[in-house]
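1. Pasting the sequence and the predicted coordinates here, then a few questions.
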Amino acid sequence: MDLTNVLGALMGNDAVGAISENLKIDSKQVSSVITSALPTLLSAMQKNASTEGGAASLAKALGDHASNAGNIINNLKATDLTDGNKILSHIFGGSLGNVIGGISQKSGASTSNVTNILALLAPSLLALLGKKQQGSGTNAAGLAGMLGMILGGAANSGNTGNSNPLGGLGNILGGLSSIFGKN
C-alpha cells in the first residue's frame, strides 16, 4: 500500500459520500476538510512517533486498527465518534482545539463539522496506516520515517514552484477523487 492508496481510500467519492451521508454534511465540505486535515494528521503522527514512547503508542494504535482496513466505506459509515475523538486527543494532545480551529478556517466548515469529520476519519486513517506498517514490516522505531516518507514523497511529487501551499500533497489530494472514484 502506497501513499496513493492510503489517500485515495480516504478521498475517493465513495469515502467522502459515506462521511457526508453519516454526518449529513455536504460532500464538498467533507472533501475540503479532509484535504485540509490529512497533512496535519500525518505530521502530528510523525511528531508523536519521533519519541520512543510516542512511537510505541502509535504502533499499538496502528496494530489495533489494521484489521479494519478491509472495508473503509463501511468503517466510515459506522465509526463511533467517541473512539475517533479519543484518537484525535492522542494525536494532537492539548493542541486539538487549535488544530480544529485552523482546519475550520482553512476549509470553511464549522468547528463542530470539522470535529465530527475528523472523528470519523481518524480510525480509518489508523487502519490504513496500520495495514501499510504491517505490509512493510516497519517496527515502532521506524514509524516516524514511514510517515516522513509519506509526507516527503507527497511534498516532492510535483511541487515545482506552484502556488499550492500543500505542495505535491495538495496536488495528489486534489486529483484523487477522479482516480479513486470507486473503492
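-> Cool, got the structure. Numbers count the residues shown, from 1 in each chain.

2. Centre-most residue in the chain?
-> With distances taken as CA atoms, centre = their mean, the chain has residue 38 as the residue nearest its mean C-alpha position (4.2 Å).

3. Hmm, that residue is touching residue 10, no?
-> Yes: using CB atoms under 8 Å, residue 38 is in contact with residue 10, at 7.0 Å. The C-beta positions use only the backbone N, C-alpha and C, and glycine is treated the same way.

4. what is in contact with these two at once?
-> Common neighbours of residue 38 and residue 10, using CB atoms under 8 Å, 6 or more residues apart in numbering, are residue 125.

5. picking up where we left off before, pLDDT at the residue nearest to the centre of the chain, what is it?
-> Per-residue confidence for residue 38 comes out at a pLDDT of 88.

6. same deal with residue 5?
-> Confidence at residue 5, expressed as pLDDT, is 65.

7. Check residue 147 too.
-> Per-residue confidence (pLDDT) for residue 147: 89.

8. Repeat that for the one 3 residues further on.
-> At residue 150, the pLDDT value in this model is 81.

9. can you tell me the helix or strand for it?
-> Mapping residue 150 onto the secondary structure by DSSP states H and E places it in helix 143-155.

10. With residue 100 instead?
-> Remark: residue 100 resides in helix 96-107, with elements defined by DSSP H and E.

11. Okay, buried residues for the very next helix or strand once past that helix please.
-> Proceeding N to C from helix 96-107, the next assigned helix or strand is helix 111-136, under DSSP H and E. Taking 16 or more other CB atoms under 10 Å as the basis for neighbour counts, the residues of helix 111-136 that come out buried are 113-133.

12. same check, this time on stretch 34-51
-> Neighbour-count burial for stretch 34-51, with 16+ other CB under 10 Å as criterion, is recorded at 34-42, 44-46, 48-49.

13. Model confidence score at the nearest residue to residue 66 once chain neighbours are set aside, please.
-> In space, and not counting its chain neighbours, residue 66 is closest to residue 130: 3.0 Å by CB to CB, 6 or more residues apart in numbering. What the model reports as pLDDT for residue 130 is 91.

14. residues in contact with residue 130?
-> If you count contacts by CB under 8 Å, 6+ apart, residue 130 has them with 61, 62, 63, 64, 65, 66, 67, 69.

15. Now for the third one, how many residues are close by?
-> The tally of other residues near residue 63 (other CB atoms under 10 Å) stands at 14.

16. Please apply the same query to the fourth one.
-> When neighbours are counted by other CB under 10 Å, residue 64 registers 13.

17. by contact count, what packs against the helix or strand where it lies?
-> Secondary-structure assignment from DSSP H and E places residue 64 in helix 52-65. Under the contact criterion of 3 or more CB pairs under 8 Å, 6 or more residues apart in numbering; DSSP states H and E, the helices and strands touching helix 52-65 comprise helix 27-48, helix 81-92, helix 111-136, helix 143-155.
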